[in-house]
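Peer 1: Structure of the sequence below:
(one chain, ligands or ions: 1)
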Amino acid sequence: MAVGAGRVMAAAAPSAEVAGPRGGAASLLRAAEARAALLEAAGPLSEVRFDEPLARHTTLRVGGPADAWVAPGDAAAVARVFARCAEAGWPCRPIGGGSNLLVRGGGVRGVVVSSDRLRGLSFSPDGAATRVRVGAGVTTGKLLSEAVRRGLGGVEFLAGVPGSVGGGLCMNAGTYLGEFTQVVTAVRSVDPAGQLVERDHDACGFRYRGSALPPAEMIVEGELVLGARDPAAIAADVRGLRDRRREREPHGVHNAGSFFKNPPGDYAGRLIEQCGLKGTRRGDAEISPVHANWIVNTGAARAEDLLELAALARAAVEEKFGVTLELEVKVVGEP
Ligand SMILES: Cc1cc2nc3c(=O)[nH]c(=O)nc-3n(C[C@H](O)[C@H](O)[C@H](O)COP(=O)(O)OP(=O)(O)OC[C@H]3O[C@@H](n4cnc5c(N)ncnc54)[C@H](O)[C@@H]3O)c2cc1C
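Peer 2: Numbers count the residues shown, from 1 in each chain. Down below sits the predicted model:
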């Protein structure tokens with residue numbers, strides 16, 4: 001149903017009453033006036049859905065609904081949505097490809113803002129190098145394939161890493177071939193008040209599987225510098241990484257990749273495996289028999305099952321090795 005600005009996927013409620021569609025926590029955007037205000041802020045190029053199940057937007061395929069899910073059509077729409085959320089007091093959370101997210105069963109109150117429609121991608125020569133402007137919603141796969149097509153090296157590390165560039169920048173995604181920090185020169189984001197903020201590389205504070213980019217901001221664009229490289233060497237690296245992943249990682253199950261960060265000098269998977277936990281299940285959640293740091297959804301797992309296995313693995317590793325594992329996946333929402 002098309003309603004003025006943005007596409008509405010669920011009818012706006014007629015009154016300001018607050019019973020949640022999930023029978024539990026109330027939606028903050030139940031009232032028709034609130035929904036209309038969000039639609040107006042989003043504008044005609046954006047998509048807006050209310051009571052949107054987030055399981056549809058995460059690779060683990062678990063999690064309850066967001067009060068509202070918005071995919072702004074451009075950075076200006078992101079700014080308007082953030083400003084409206086700040087004004088109304090609705091919590092506002094960015095989401096990319098959902099490949100590193102575990103949403104709890106009670107869902108997320110407020111507005112989830114997706115980078116899905118921020119798909120700009122341009123390459124321009126800059127001396128011997130090439131400057132790339134890439135929208136936060138461009139998939140890492142698309143960025144890699146376009147770089148490979150142009151004979152540009154620097155993002156081979158993205159082979160087999162799912163998700164969006166925005167999520168990748170936030171997480172400083174990477175593999176043994178490299179990570180985002182090595183190619184990023186600037187990041188543009190929208191702050192909670194709706195203001196555009198630009199940071200150079202050093203101000204992003206990239207670290208192992210993380211950054212100092214404020215979680216309340218939404219990245220809208222990144223700038224990278226890539227260099228020309230022998231296409232055969234690029235292809236060999238990409239193929240090598242894909243082959244290695246095929247051998248070592250679980251397939252055919254919903255997952256979010258590694259659940260825990262590797263502790264300094266060791267591997268979370270090795271430690272969990274040494275605790276004898278491979279194959280341990282809670283409902284349809286499982287510590288993968290293929291790779292112990294992948295806690296997967298084999299069918300209809302609940303977020304709580306996955307979290308119970310994570311707690312079990314963490315406690316066992318702490319007791320046996322005295323090492324405290326830190327979650328790599330981001331857990332959001334209400335139980
Ligand atoms: C099969 C599989 C393999 C994987 N392999 C790897 C790997 O080899 N290396 C690796 O590093 N990771 C890996 N991951 C994890 C995941 O792919 C990365 O962390 C990825 O960069 C997350 O991007 P996303 O767009 O899916 O982010 P999401 O999962 O949507 O979000 C992750 C975090 O980033 C934030 N975020 C997302 N977009 C934005 C934005 N535009 N602005 C601000 N914040 C934002 C979210 O709020 C959240 O906190 C793997 C995951 C899977 C499922």
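
Peer 1: going forward, measure contacts between C-alpha atoms and count neighbours the same way
Peer 2: Will do.

Peer 1: I'd assumed L196 was in contact with A79.
Peer 2: Yes: counting by Cα atoms under 8 Å, L196 is a contact partner of A79 at 7.3 Å.

Peer 1: More neighbours: those two, which one.
Peer 2: Per other Cα atoms under 10 Å, whichever of A79 and L196 has more neighbours is A79, with 24 against 18.

Peer 1: any common contacting residues for A79 and L196?
Peer 2: V190 (Cα atoms under 8 Å, 6 or more residues apart in numbering).

Peer 1: Helices of the protein, start to end?
Peer 2: Taking DSSP state H as the test, the helices found in the chain are 32-42, 75-88, 140-149, 165-171, 231-248, 268-274, 303-321.

Peer 1: Run through who's touching the last one.
Peer 2: Contacts to helix 303-321, defined as Cα under 8 Å, 6+ apart, come from residues 62-63, 102-105, 259, 271-272, 275, 277, 280-287, 295-297, 323-325, 335.

Peer 1: Could you export the helices of the chain to a markdown table, including columns for distance to R188 and mean pLDDT?
Peer 2: A markdown table is the format used below for these (distance: least, Cα to Cα, whole Å; pLDDT from 0 to 100):
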| stretch | distance to R188 | mean pLDDT |
| --- | --- | --- |
| helix 32-42 | 19 | 98 |
| helix 75-88 | 10 | 97 |
| helix 140-149 | 17 | 98 |
| helix 165-171 | 10 | 98 |
| helix 231-248 | 28 | 96 |
| helix 268-274 | 33 | 98 |
| helix 303-321 | 32 | 98 |
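
Peer 1: Nearest to the ligand, out of those helices?
Peer 2: Closest to the ligand of those, according to Cα to the nearest ligand atom: helix 165-171, at 3.2 Å.

Peer 1: how far is that closest one from where the chain is centred?
Peer 2: Centroid separation between helix 165-171 and its chain, computed with Cα atoms, centre = their mean, to the nearest Å, is 7 Å.

Peer 1: what's that helix packed up against?
Peer 2: strand 129-135, strand 218-228 (3 or more Cα pairs under 8 Å, 6 or more residues apart in numbering; DSSP states H and E).

Peer 1: separation between E198 and M218?
Peer 2: Using Cα to Cα, to the nearest Å, E198 is found at 11 Å from M218.

Peer 1: Find the nearest non-adjacent residue to D200, please.
Peer 2: A186 (4.3 Å; Cα to Cα, 6 or more residues apart in numbering).

Peer 1: What of L144?
Peer 2: Nearest non-adjacent residue to L144, counting by Cα to Cα, 6+ apart: V155, 6.1 Å away.

Peer 1: Local confidence estimate at that neighbour?
Peer 2: Note on V155: pLDDT of 98.

Peer 1: Isn't G257 up against W294?
Peer 2: Yes: here G257 reaches W294: they are 5.8 Å apart, a contact under Cα under 8 Å.

Peer 1: quick one: stretch 296-313 near the ligand?
Peer 2: No: judged by Cα under 6 Å from any ligand atom, stretch 296-313 stays clear of the ligand, getting no closer than 9.7 Å.

Peer 1: Could you tell me which of the contacts of helix 303-321 count as buried?
Peer 2: 62-63, 102-105, 259, 271-272, 277, 280-282, 285-287, 295-297, 323, 325 (16 or more other Cα atoms under 10 Å).

Peer 1: Which of these fall in strands?
Peer 2: Counted as lying in strands by DSSP state E, out of those, are L102, V103, R281, R282, A285, E286, I287, I295, V296, N297.

Peer 1: Rebuild those residues as TSV, extending it with pLDDT.
Peer 2: Converted to TSV, these look like this (pLDDT from 0 to 100):
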residue	pLDDT
L102	98
V103	98
R281	98
R282	98
A285	98
E286	98
I287	98
I295	98
V296	98
N297	98
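
Peer 1: May I ask which two of those residues are separated the most?
Peer 2: Spatially, the most separated pair among these is V103 and R281, at 19.1 Å (Cα to Cα).

Peer 1: How far off centre is stretch 205-222?
Peer 2: 11 Å.

Peer 1: Kindly report the residues of the stretch 151-300 of the chain close to the ligand.
Peer 2: Within the stretch 151-300 of the chain, the residues that sit near the ligand (Cα under 6 Å from any ligand atom) are 161-164, 166-168, 170-171, 173-175, 215, 217-220, 255-257.
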